[in-house]
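Peer 1: Next come a sequence and a model predicted from it.
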Amino acid sequence: LTNPAFHSYAPEGDTRAIADRVKTGAYGAVVFAASATGKDLAPRVAARLGRSLVQDITDVSVVSGSVIAIRPVYAGKALLKVRVAGTPAVLSLRPNVFTPVQRPKAGAQETVAVDGSGGRVVVKQIKAAPAGTLDVAEASIIVSGGRGLKEPGNFKVLVELAAAFAGRAAVGASRAVVDAGWRPHADQVGQTGKTVSPTLYVAVGISGAIQHLAGMRTSKVIVAINKDKDAPIFKVADYGIVGDLFEVVPTLTAEIQKLHG
Ligand SMILES: Cc1cc2nc3c(=O)[nH]c(=O)nc-3n(C[C@H](O)[C@H](O)[C@H](O)COP(=O)(O)OP(=O)(O)OC[C@H]3O[C@@H](n4cnc5c(N)ncnc54)[C@H](O)[C@@H]3O)c2cc1C
């Protein structure tokens, strides 16, 4: 954007700009990412338009002219099917769930001028994570550890496994180890942490409590490593390894290192 007031996310200005634009046309849907910014912006725009918001959806279709969206509820235990009455439908999509596809009928991109100020709320500083660390919400591969790691120092086996994926993997954590102070809250996956949908999620020494599953069950491929064959994590896993993580993980790391040369 050329208007300097909009260089960073401007909650009030962005809301006004988007809502005003939507009001100028007969749009069928307004779509946001359910990212940190999208979760703040989408409800503001919906309220300004006087429309309901269907948040954090994992599937969408159009049936007889109505938008039908699917969204996980009760920590992912059930899926709610929502039919949006009227237009525009205001939706936010769970990140990484939808695979971009090439459409033969491409939409046209328009650039519009936005005047005025960004509003009263101004982003003054963005504190980036230390260089080299990937955010779990952004990584295409996540290697997460739980209480089965036994002590914070043992997370080095997961850091090594993540490193074997050549910079594409982040290290995540269950709440048990975050509450114990072993890992930062920014790494927590689950109902009270981050919702992630990576291409590959490796759960190591994590039992698979419903609150953890709520944050990762939409991952494309789930691998679980746990010494308890009855651990609930195996119910959502595509691949399960029953064994001692301190034997399994170093072997896995060595094999992945071979693949990446
Ligand atoms: C309101 C609320 C919100 C919550 N939000 C979250 C959340 O956002 N995220 C979250 O994760 N949890 C959340 N929880 C907590 C959740 O209920 C569980 O307590 C937590 O996920 C358990 O963490 P864990 O799997 O690491 O530990 P445990 O349940 O103790 O599991 C440890 C696992 O490690 C295995 N293990 C032990 N040793 C080894 C070994 N040597 N090799 C292999 N496996 C081994 C064990 O078999 C066990 O399955 C929430 C709870 C509540 C009530």
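Peer 2: Done, it's in.
Peer 1: residues touching residue 228, list them.
Peer 2: Going by Cβ atoms under 8 Å, 6 or more residues apart in numbering, residue 228 touches 207, 242. C-beta coordinates here come from the backbone N, C-alpha and C atoms, glycine included.
Peer 1: make that residue 186, sorry
Peer 2: Neighbouring residues of residue 186 by Cβ under 8 Å, 6+ apart: 129, 135-136, 194.
Peer 1: Retrieve the pLDDT associated with it.
Peer 2: If you check residue 186, the pLDDT there is 93.
Peer 1: likewise residue 93?
Peer 2: 96.
Peer 1: how many neighbours does it have?
Peer 2: 22 (other Cβ atoms under 10 Å).
Peer 1: Run through the bridge partners of it.
Peer 2: residue 33, residue 57 (DSSP bridges).
Peer 1: List of residues touching stretch 8-21?
Peer 2: 5-6, 30, 37, 40-41, 44-45, 48-49, 112, 114, 116-123, 126.
Peer 1: what helix or strand does residue 69 sit in?
Peer 2: strand 66-73 (DSSP states H and E).
Peer 1: Would you verify that residue 161 is located in a strand?
Peer 2: No. Secondary structure of residue 161 (DSSP: H, G, I helix; E, B strand; the rest coil): helix, not part of a strand.
Peer 1: which one is it nearest to, not counting chain neighbours?
Peer 2: Leaving aside its sequence neighbours, residue 161 sits nearest to residue 253 (Cβ to Cβ, 6 or more residues apart in numbering; 4.6 Å).
Peer 1: what's the one you found in contact with, if anything?
Peer 2: Counting by Cβ under 8 Å, 6+ apart, residue 253 has contacts 157, 160-161, 164.
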